[in-house]
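S.K.: generate a structure from the sequence data that follows.
(one chain, ligands or ions: 3)
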Amino acid sequence: MKIYQESLTKMKQVVKNYTQQTSDFTIEQQVREIIENVRKRQDQALKEYELKFDQTAIENFAVPATEIQQALQKISPELRQALEHAKKNIVSFHEKELTSGFIDTAVPGIIRGQKVTPLQRVGIYVPGGTAAYPSTILMSALPAKIAGVDQVIMVTPPQKKGIAPAVLAAAAIAGVDAVYQVGGAQAIAALAYGTESIPAVNKIVGPGNIYVATAKKQVFGQVAIDMVAGPSEIGILADDTADAAELAADLLSQAEHDRRARPMLITDSLTLAQKVSQQVDQQLVNLPRRAIAQAAVEDRGFIAVMESVPEMFTLMNEVAPEHLEIQLADPSQYLSYIRNAGSVFLGRYASEPLGDYLAGPNHVLPTGGTAKFSSPLGVYDFVKKTSFIQFSKTALQADLSDITELARTEGLEAHARAVEQRFAAERKGK
Ligand SMILES: NC(=O)c1ccc[n+]([C@@H]2O[C@H](COP(=O)([O-])OP(=O)(O)OC[C@H]3O[C@@H](n4cnc5c(N)ncnc54)[C@H](O)[C@@H]3O)[C@@H](O)[C@H]2O)c1
Ligand SMILES: N[C@H](CO)Cc1c[nH]c[nH+]1
Ligand SMILES: [Zn+2]
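M.R.: Ligands and ions are numbered 1, 2, ... in the order given. Down below sits the predicted model:
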């Protein structure tokens, strides 16, 4: 892995360049064409793209409900147990995110409130290009179910031998209402605009590769999206007390997702940096997804050696990584130093894959620096809020002059008159 030993100012520039690599003009153009074609030619365009990108001829996009239920019988008892265990932890964590509305009656004659309503139909994207992601189905669908969404539909790339039973079983366990075999930017376009086979949704959530993440950005406005959850990232902050082999293993756990994944280590120890770099090379050798992981490590990974722990945090806050591991002595004391990260893993035993699968917090997280303004996927992504007001006549009268003053300042006479109209009878009577 490339080791930098530069000033904080120089490193901030390096990090900025890395983040800018995420947006790729050619991919943006290609995705725009795909979306436009699907919008105009619907299922026919989807079929052509599936043949081109996934080498699969699709007759029916919808997976029959019986096939989804039967998948539960096809998976091993061990996998069923692991999925149920993950579900239990995801549900118990996400139930804490439920919010209700409120009603404020503090001022006599005035009722002000906010009601929380689940979205009607959402689409979850489940990646399936280079790996199958049953865990992502649980992470995306269960919060939607907890929020009370009427219909949760799922899209995932088709597979030559059919969608894996593990994927369909996870969909059954999570209570997904319909599964469609279509992937990439074309699947996002279908969910945004609807086709003959696939209904349009109110919101699209879930992670995916650069084509999926770019498509989500482009359809935003037509539908809501959760965030930009693109190629995986791990940022580790570590000092001499950390174990180099463990750090390398954690870096590779995210590197193996995608050639565009980003493994990053920031430390104050050159010795640790060198040991981790050697460990990464050693551990790559027998990794089944070596080619992918190696490309991510070489093209997009880095180790930065900084002067001090505060400098390490300053730089990591610039990176705003999807996952942040704190492998420093007494890690929890540093929670307040973190400004930008999708999910934080404190200490030696909070290895990143624990969060991917079982701890309970969501693994659908912002990438590419977007943790500066986005949050993990949560129950709050599947609801919307509506405010309401009710005023008595006396309460409105008390506010009348301020309302009309503001309306006339804005040159909006009809606004002022609408409110004054409530007192027209009295004025006539006078
Ligand atoms: N940020 C998160 O929360 C999170 C969570 C899980 C996974 N991930 C990421 O999800 C991604 C999964 O990627 P994946 O590729 O395995 O699956 P994917 O389903 O995201 O993408 C596969 C699809 O991409 C399309 N595609 C591939 N090459 C293309 C090309 N040249 N032109 C146009 N379209 C093309 C195809 O339609 C294919 O079906 C990884 O980047 C992983 O890191 C992120
Ligand atoms: N690390 C991924 C998020 O970037 C989530 C995941 C699913 N399966 C394994 N990992
Ligand atoms: Zn992962």
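S.K.: quick one: the strands in the stretch 1-150 of the chain?
M.R.: Taking DSSP state E, counting those that start in this stretch as the criterion, the stretch 1-150 of the chain contains strands spanning 3-4, 102-104, 110-118, 121-125.
S.K.: how far off centre is the first one?
M.R.: Read that as strand 3-4. With CA atoms, centre = their mean, to the nearest Å as the basis, strand 3-4 stands 30 Å off its chain's centre.
S.K.: same deal with the second one?
M.R.: Distance, stretch centre to chain centre, for strand 102-104: 31 Å (CA atoms, centre = their mean).
S.K.: kindly report the same for stretch 108-117.
M.R.: 31 Å.
S.K.: run through who's touching that stretch.
M.R.: 99-105, 383-392, 394-395 (CB atoms under 8 Å, 6 or more residues apart in numbering). (C-beta placed from N, C-alpha, C; glycine too.)
S.K.: ok so, going back, dump the strands of the stretch 1-150 of the chain to CSV, plus mean neighbour count and distance to Tyr211.
M.R.: Shown next, in CSV, are the strands of the stretch 1-150 of the chain (neighbours: other CB atoms under 10 Å; distance: least, CB to CB, whole Å):
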stretch, mean neighbour count, distance to Tyr211
strand 3-4, 15, 30
strand 102-104, 11, 41
strand 110-118, 15, 29
strand 121-125, 28, 11
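S.K.: which outside residues touch the lowest-mean-pLDDT helix or strand in the chain?
M.R.: Least confident helix or strand, the chain: helix 424-429 with a mean of 82, by mean pLDDT, DSSP states H and E. Helix 424-429 is touched from outside by Glu420, with contacts defined as CB under 8 Å, 6+ apart.
S.K.: quick check: residues of this protein near ligand 1?
M.R.: Within reach of ligand 1 by CB under 6 Å from any ligand atom, the chain has these residues: 53-54, 127-131, 136, 157, 183-185, 207-209, 211-212, 229-232, 257-258, 261, 322, 363-365, 367.
S.K.: which bits of the stretch 151-300 of the chain sit near ligand 2?
M.R.: So far as CB under 6 Å from any ligand atom goes, the stretch 151-300 of the chain lies against ligand 2 at Ser232, Gln254.
S.K.: same thing but 8 Å
M.R.: Pro207, Ala229, Pro231, Ser232, Glu233, Ser253, Gln254, His257, Ala261 (CB under 8 Å from any ligand atom).
S.K.: pick out the most distant pair among these.
M.R.: By the measure CB to CB, Ala229 and Ser253 form the most distant pair in those, at 17.0 Å.
S.K.: those two: who's more crowded?
M.R.: Between Ala229 and Ser253, Ala229 has the larger neighbour count (other CB atoms under 10 Å), namely 31 against 19.
S.K.: my read: that one touches Asn362, true?
M.R.: No - with contact defined as CB atoms under 8 Å, Ala229 does not count as touching Asn362 (10.0 Å).
S.K.: overlap in contacts of these two?
M.R.: Leu377.
S.K.: average model confidence for the host helix or strand of Leu251?
M.R.: For Leu251, the host element (DSSP states H and E) is helix 244-255. Mean pLDDT, helix 244-255: 98.
S.K.: continuing past that helix, what's the next helix or strand?
M.R.: Downstream of helix 244-255, the next assigned helix or strand under DSSP H and E is strand 262-267.
S.K.: near ligand 2, which residues of the stretch 1-150 of the chain?
M.R.: Checking the stretch 1-150 of the chain against ligand 2 by CB under 8 Å from any ligand atom, the hits are Ala131, Tyr133, Ser135, Thr136, Met139.
S.K.: restricted to helices, list the residues you listed.
M.R.: Within these, residues falling in helices by DSSP state H are Ser135, Thr136, Met139.
S.K.: which one (most neighbours) among the residues you listed?
M.R.: Neighbour max across those (other CB under 10 Å) = Met139, 30 neighbours.
S.K.: tell me the contacts of it?
M.R.: Met139 makes contact with Ile90, Asn362, His363, Val364, Leu377, according to CB under 8 Å, 6+ apart.
S.K.: alright, calling it a day.
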